[in-house]
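Asks: Quick one, structure for this:
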Amino acid sequence: MTYMTEAPQVDQSVAAQGVMAGGHDLSASGTYRLRRHGARPIVFSGTELGMAMSFTPDIPYWFEVNLYRATDGTFAVAVKQFFQSADETDLSRAWTAPTLEEACASLEQYDPAQDVPVKEGFFEASMSAAEMQSAAFALRAQVVDVRTHYRSLLGEFFYGMEHA
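Replies: Numbers count the residues shown, from 1 in each chain. Next up, the predicted model:
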């Protein structure tokens with residue numbers, strides 16, 4: 001299970017110390033490779049502008065949000081969902097935007113509920129109407145939880161970006 005953004009392709013021991021090399025702070029810029037579920041990765045050179053993670057040991061999943069500025073002036077965004085269980089598959093969504101405003105808007109428009117899994121056998125022919133309704137309510141509660149969790153992290157992310 002991968003827990004953090006793909007590391008910039010620079011010497012991490014040097015980058016962690018913030019050492020200047022050729023007049024550039026290696027901890028601030030690098031080459032990034034953002035995985036995307038079901039698509040080719042986004043590869044670019046640039047700077048990470050911000051990152052937030054919602055890990056809490058008591059919750060079975062968490063999100064990581066990253067915002068980057070590419071050297072060509074565009075912006076890249078990554079939203080990752082990680083799971084504590086090895087039976088679940090971690091997800092990674094990434095995309096680009098021409099402006100910072102559009103990148104931030106795309107984070108706000110992202111709906112993590114699209115990735116809430118519906119388990120095989122969720123509805124079975126032998127279920128009564130009450131059982132089906134109960135299962136639907138449980139799924140709806142999962143959707144509300146994941147949206148609330150993501151929105152809370154996003155609020156903290158934007159607050160941190162404004163007050164950095």
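
Asks: Next, count neighbours for residue 144.
Replies: By the criterion of other Cβ atoms under 10 Å, residue 144 has 12 neighbours. C-beta coordinates here come from the backbone N, C-alpha and C atoms, glycine included.

Asks: In three-state terms, how would it be classified?
Replies: helix (DSSP: H, G, I helix; E, B strand; the rest coil).

Asks: cool, and residue 119?
Replies: coil.

Asks: what are the phi and psi values for it?
Replies: Main-chain torsions, residue 119, degrees, to the nearest 10: phi -70, psi 150.

Asks: burial measure for it, as a count.
Replies: Residue 119 has 7 nearby residues by other Cβ under 10 Å.

Asks: ok, which stretches of this structure are helices?
Replies: Under the criterion DSSP state H, the chain contains helices at 12-17, 100-109, 129-162.

Asks: and those helices as CSV, adding distance to residue 74 and mean pLDDT?
Replies: Listed next are the helices of the chain as CSV, based on distance: least, Cβ to Cβ, whole Å; pLDDT from 0 to 100:
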stretch, distance to residue 74, mean pLDDT
helix 12-17, 23, 31
helix 100-109, 9, 97
helix 129-162, 18, 93
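
Asks: I'd like to know which of these is closest to residue 82.
Replies: Across the helices of the chain, residue 82 has its closest neighbour in helix 129-162 (12.1 Å, Cβ to Cβ).

Asks: helices or strands up against that closest one?
Replies: On a contact count with 3 or more Cβ pairs under 8 Å, 6 or more residues apart in numbering; DSSP states H and E, helix 129-162 meets strand 39-53, strand 61-70, helix 100-109.

Asks: Just put these in CSV and tack on distance to residue 88 and mean neighbour count.
Replies: Shown next, in CSV, are the helices and strands packed on helix 129-162 (distance: least, Cβ to Cβ, whole Å; neighbours: other Cβ atoms under 10 Å):
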stretch, distance to residue 88, mean neighbour count
strand 39-53, 17, 15
strand 61-70, 7, 21
helix 100-109, 23, 14
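
Asks: which one of these lies closest to residue 79?
Replies: strand 61-70 (5.6 Å).

Asks: how many other residues sit next to the closest residue to residue 34 other than its chain neighbours?
Replies: The shortest distance from residue 34 to any non-neighbouring residue, by Cβ to Cβ, 6 or more residues apart in numbering, is to residue 94 (3.8 Å). The tally of other residues near residue 94 (other Cβ under 10 Å) stands at 22.
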